[in-house]
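Undergrad: Sharing a sequence plus its predicted fold:
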Amino acid sequence: MLETVVETMRVVIAEDSGPSRLALERTLAKWGYEVIACKDGNAAWEELEKEHSPNLAILDWMMPGYSGPEIVRMVRAKAEAAKAPYTYILLLTSKNERADLIEGLEAGADDYITKPFDQQELRVRLRAGVRILNLQAELVAAREALRDQAMRDALTGLWNRRSIIEILTREQSRAARQTMPVGVLMMDIDHFKDVNDTHGHLAGDDVLKEVSRRLLASVRPYDGVGRYGGEEFIIVLPGCDVASIQSRGEAMRLAIADQPITAYERQLSITASFGATVFIPPSTLDVADLIRTADDALYEAKRRGRNCVIYQSSPVPENAN
Ligand SMILES: [Mg+2]
């Protein structure tokens, strides 16, 4: 894994001495780095300031424009302000007095190498840098995986209850700002308790997973599908108005009812009931009101014999007129 990253890793080098820059450039290219070579400090900062800048840099100490330590300070300040990924920085110096090295490291450099550089030494120090960058990337990935896990329902992979309410809250305030509608569907699998009681909980789990898959397959990438509770789901449809919510719900209803679901080696006919409502600005209804309205509509869908989509308009608050 280390080697793959080394092969594709981009590095900024800044060195005003032509022969030294060329030697560095050739050596790094030979090792598989993608090299961005700069003749002075200002050009190096221009590269490192970019949004997707390389996260490895070798900077000369003394050069026209910004000095190596100055760039280090600016890179660290930028990372702190923008929460940017870490940049591993090696200072290149002909100075080897202790006081100078301390100054460079205090500026935030990770390591240094003295000129004229020894190839083996450079290789070993770069490898240490790449190892740290890889570890950091793994930590970031692990943190993101944990965050994602905390937002998902473990069985179905859909948004969990807290996340889908957050999504609805976010979409509703966006809709209010942009004067756009948001459709909300509350869905419940019909007679789900019977599936569990007759075929067991493993079959029930299979049904939940397959229903979730079919729901996801019938929405757009920016719609939100969440498991609200046991066999209840909420679907958030940004931009969906009163004219289209019925057909959107109908498409989902058919996606579930049309084909039997294979659950624990049995073919089960599964249906679901849907309650629909639409948030229409300048309505000031809150998320709880919307969920309550969709839930009322779902109750009505159950009462009318299930396997159907019932729309209920959100009550218009008195102050909206
Ligand atoms: Mg120089």
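TA: Cool, got the structure. Numbering: from 1, shown residues only.

Undergrad: Contact residues of the stretch 1-150 of the chain facing the ion?
TA: 16, 60, 62-63 (C-beta under 5 Å from the ion). C-betas here are computed from N, CA, C, even on glycine.

Undergrad: Out of those, who's the most crowded?
TA: residue 60 (27 neighbours; other C-beta atoms under 10 Å).

Undergrad: May I have the phi/psi pair for it?
TA: As for residue 60, its main-chain torsions (degrees, to the nearest 10) stand at phi -70, psi 150.

Undergrad: The one 5 residues further on too?
TA: Backbone dihedrals for residue 65, given as degrees, to the nearest 10, come out at phi 80, psi -150.

Undergrad: Confirm that residue 108 sits in a helix.
TA: No. Residue 108 is assigned coil when assessed by DSSP: H, G, I helix; E, B strand; the rest coil, not a helix.

Undergrad: Strands along the stretch 201-321 of the chain, start to end?
TA: 224-229, 232-238, 261-263, 266-268, 272-279, 309-311 (DSSP state E, counting those that start in this stretch).

Undergrad: And the closest residue to residue 86 other than its chain neighbours, which helix or strand is it part of?
TA: Spatial nearest neighbour of residue 86, chain neighbours left out: residue 136 (5.2 Å); criterion: C-beta to C-beta, 6 or more residues apart in numbering. Counting by DSSP states H and E, the element that carries residue 136 is helix 119-151.

Undergrad: buried stuff in that helix?
TA: Residues of helix 119-151 classed as buried by neighbour count (16 or more other C-beta atoms under 10 Å): 122, 125-126, 129-130, 133-134.

Undergrad: If I take it and strand 224-229, what angle do their directions form?
TA: Per axes from the mean of the first three to the mean of the last three C-alpha atoms, to 10 degrees, the angle that helix 119-151 makes with strand 224-229 is 60 degrees.

Undergrad: Packing partners of whichever helix or strand comes after helix 119-151?
TA: Following helix 119-151 in sequence order, the next helix or strand is helix 161-178 (DSSP H and E). Applying 3 or more C-beta pairs under 8 Å, 6 or more residues apart in numbering; DSSP states H and E, one finds that helix 161-178 makes contact with strand 182-189, strand 224-229, strand 232-238, helix 287-303.

Undergrad: Would you mind getting the angle between helix 161-178 and helix 287-303?
TA: Using the same axes, to 10 degrees, helix 161-178 lies at 110 degrees relative to helix 287-303.

Undergrad: Need the contact partners of helix 161-178.
TA: With C-beta atoms under 8 Å, 6 or more residues apart in numbering as the test, helix 161-178 has contacts from 151-153, 158-159, 180-182, 184, 224-229, 234, 236, 238, 279, 281-282, 286-287, 290-291.

Undergrad: so residue 240 sits right up against residue 279, yeah?
TA: No. In this structure, residue 240 is not within contact of residue 279 by C-beta atoms under 8 Å, at 9.8 Å.

Undergrad: Between the two, which contacts overlap?
TA: 181-183.

Undergrad: how many other residues sit next to the residue in the stretch 201-321 of the chain positioned nearest to the ion?
TA: Residue of the stretch 201-321 of the chain nearest the ion, by C-beta to the ion: residue 221 (50.4 Å). For residue 221, the tally of surrounding residues (other C-beta under 10 Å) stands at 5.

Undergrad: tell me the pLDDT at it?
TA: As predicted, residue 221 sits at a pLDDT of 93.
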